[in-house]
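Engineer: next one to model:
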Amino acid sequence: MGEKKQLTKTTSASVGAVDVAEEIAPMQIVNARITYRNAPIHLLEKFTFKDVDGAYKTFMSSGYDECVILQTCNRVEVFVSSKEENEKKLLEKWAVSSGLSVTDFANVEVETGRAAVNHLMKLASGLDSLVVGEDQILGQVRRAFEFARSNHYTSSGLMVIFDRALKIGGKVRTATGINRGSVSIASVAVNLAEEYFDDLGSRKIMLIGTGEAASLVAKVLKKRELDFIVTSRVQERAKSFTDRVAGTPLPFEDALELLSNVDIVFTATKAPYHLLTLDRIENAMKDRRSGLMIFDLSNPRTVDDRVTAIHGVKLVNMDQIAELVGKNMRSRMKEVRSAEKLIKDELKSVETIMKRIKAEPVVVSVFKAVDTIRERELKRALSKLGKRVGSDEARVVEQLSYAIVEGILSAPMNNLRKEIEAGEGRELMETVAKLFKYEEKQTPRQQ
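Structural biologist: Sure thing, here's the model as predicted:
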């Protein structure tokens, strides 16, 4: 006889030999999270899992069927699924894994079911980020999911919703302009410099300052693989800054001497006086043919406004950059409604899939039960026919047996799926399960 044909697709759902009503109960999805919205960064750090693999094992040994943990600088989130919603237990296990008490979890948000799935989709699409539409979160969600999947902490439920969330995250960014236009001071400043000069890679760049604002500029420059000088009134700070962030340190007085050879200057300090005075810039521009672009990102300003009167000098201050940032952000916010419409449509699709998954173990069980009978009766018939049937004839008879089973079962099983998808088939599914004595052995979790 030919190779055995598969009557239906197998399911990854892992089910036990228990009461039918309990066995086909819908999977419950729970999301618990603490984010930048309700906790400062220093508090968020307390909720992180230092031993992520250990945290997964804690959740999985507590009765949860699946788990995905997401940790970024702006959020810590846990997604779990089981046949029982138990928010209190989830927070208790989180407390155990992070070394906190349950009373510390007053600010933790918890959502279940449809709301949890909707949140995941908005998260992957950049709608829940500090900077709306940012791209980094999509990769962070993908890596968290891949870790959980590769270590067998997910199965059919969370795999479906994370897979669809990642797809809608990419679709939102492609179909809308939600991630277009820089929305950080540093990014806008560097973009303006790129528009002003043909090739930033061939330009000499200087960064004055070693504080938070300067570090943001340095990170943007580093990301674009640009070389630049870092200087500060305190040389030790410049050296420490370049070791920690990026750039080449240079003493302040030496840096001022180099102004005549620099193309772009970013000032980002808290000095209460002008670092780049009219005299200094006039001296730097003597006998110089190329232009000089200066970005004053300091508060208060550290560049004398009068330098704009010098031929070849382009000064961009914080107010001008902030205006562009606001414009870009408003443009992104206009796309939020379009993104939410795409997410709403995708959510309906996911709900349909989840309902179908609920029916699939019963459908598979029915096909397996009938296939057992088919195989038994086929062997009996071929045994009676004996040598009167050759291999070709036996193969035809076998294919006939498959066709009969498919012909009889396909329509009622597809109707069962449709009833479940419509939300009306629970009683019908219980009846089918009882008729065919639905019972599937527990599948051991892979290590």
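Engineer: ok, and Leu130, which helix or strand is that part of?
Structural biologist: Using DSSP states H and E, Leu130 is not contained in any helix or strand.
Engineer: tally of neighbours for it?
Structural biologist: A count of neighbours around Leu130, defined by other Cβ atoms under 10 Å, yields 13. For glycine as for every other residue, the C-beta is placed from the backbone atoms N, C-alpha and C.
Engineer: what about it, distance to Phe105?
Structural biologist: 22 Å (Cβ to Cβ, to the nearest Å).
Engineer: and Arg306, how far from Thr210?
Structural biologist: 26 Å.
Engineer: equivalent analysis for Arg280, please.
Structural biologist: According to Cβ to Cβ, Arg280 and Thr210 sit 20 Å apart.
Engineer: neighbour count winner among these two?
Structural biologist: A count of neighbours by other Cβ under 10 Å puts Thr210 above the other of Arg280 and Thr210, at 27 against 16.
Engineer: correct me, but the more buried one touches Phe241?
Structural biologist: Yes - judged on Cβ atoms under 8 Å, Thr210 makes contact with Phe241 at a distance of 4.1 Å.
Engineer: anything in contact with each of these two?
Structural biologist: Common contacts of Thr210 and Phe241, defined by Cβ atoms under 8 Å, 6 or more residues apart in numbering, comprise Val230, Ser232.
Engineer: hmm, Val52 is touching Gln71, no?
Structural biologist: Yes - the pair Val52 and Gln71 qualifies as a contact (Cβ under 8 Å) at a distance of 7.4 Å.
Engineer: can you map out the helices along the stretch 201-350 of the chain?
Structural biologist: Remark: helices assigned in the stretch 201-350 of the chain by DSSP state H, counting those that start in this stretch are 212-223, 235-244, 252-257, 278-285, 318-334, 336-385.
Engineer: now do the longest one and helix 318-334, the angle between them.
Structural biologist: Here helix 336-385 points in a direction 40 degrees away from that of helix 318-334 (axes from the mean of the first three to the mean of the last three Cα atoms, to 10 degrees).
Engineer: domain parsing for the chain?
Structural biologist: Per automatic domain parsing, the structural domains of the chain span 20-180+332-353, 185-324, 361-435.
Engineer: now Pro272, nearest residue through space, not along the chain?
Structural biologist: If the residues on either side of it in the chain are set aside, Pro272 comes closest to Pro300, at 6.5 Å by Cβ to Cβ, 6 or more residues apart in numbering.
Engineer: and the one you found, how many neighbours does it have?
Structural biologist: 12.
Engineer: likewise for Arg376?
Structural biologist: The number of residues packed around Arg376, counting by other Cβ under 10 Å, is 10.
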